[in-house]
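> How does the following fold in three dimensions:
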Amino acid sequence: MKFGKSCLRICKNKKGAAVVEFAIAGLLFFTVLFSILDWALLSFINLTMQHAVREGTRYVVTGQDGIGGTWNSNPDSRYLYDDRFRAMVEKIKSQSMGFFDTVILNPGGDIEVEDVSGNDIKSQFEYDFNGDGDTDDTDEIWNAYVPGNPGEIIVVKLNCTWTLLTPFIGSFFTNGEYNFTVASTMKNEMF
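Coordinates of the predicted model:
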């Protein structure tokens, strides 16, 4: 009988029980909440970049190259030598709601222009990077993407990487990063 009364007395003492219950329930609640927000953000970024690449492709198929950008011809931005390609990248960047610089880690390799067969559309450019007066060095000749010729069907692809915010969701992805590709296919006008 003495055992029953002491057990009853201990069970009636519930100081601190609310804190423990909140800690358990709060952990579960906030994990689920932030996981839902992370998934929503993944979808939003994917759709935003899809919109941006579509608008950039729509702009470049008209043959325009008039968007002024801050890009220059240096070894880190060799892929931007072509004016139409640069204009397309600037249009994509302006339509991406600021996500472009976050999801495009290597613009020289993460932005591709292909024909419908999957072949890269590139042109060879020369630039005197070391300033020796000639462009005979192998590192001064490179292939750069161009947005195709008049009447040609082009496919513009962006290979994007987004680092996840929630470690719980990040554990489902390689290195905690969401890698996705957005693309747009259009036919160049007869500019």
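
> what's the spacing between Glu112 and Thr57?
Using C-beta to C-beta, to the nearest Å, Glu112 is found at 12 Å from Thr57. For the C-beta atoms, the positions are set from N, CA and C on the backbone; glycine is no exception.

> who's more crowded, those two?
Applying other C-beta atoms under 10 Å to Glu112 and Thr57 shows that Thr57 carries more neighbours, namely 22 against 18.

> Enumerate every residue touching the more buried one.
Thr57 makes contacts with Met88, Ile154, Val156, Ser184, Thr185, Met186, as judged by C-beta atoms under 8 Å, 6 or more residues apart in numbering.

> what about 7 Å?
Counting by C-beta atoms under 7 Å, 6 or more residues apart in numbering, Thr57 touches Val156, Ser184, Met186.

> what about the first one, is that helix, strand or coil?
For Val156, the assignment made with DSSP: H, G, I helix; E, B strand; the rest coil gives strand.

> so how far is Met97 from it?
18 Å.

> Between these two, which has more neighbouring residues?
Using other C-beta under 10 Å as the criterion, Val156 and Met97 rank with Val156 on top: 28 against 12.

> Quick check, the more buried one in contact with Glu114.
No. Under the criterion of C-beta atoms under 7 Å, Val156 makes no contact with Glu114, lying 8.1 Å away.

> No further questions, thank you.
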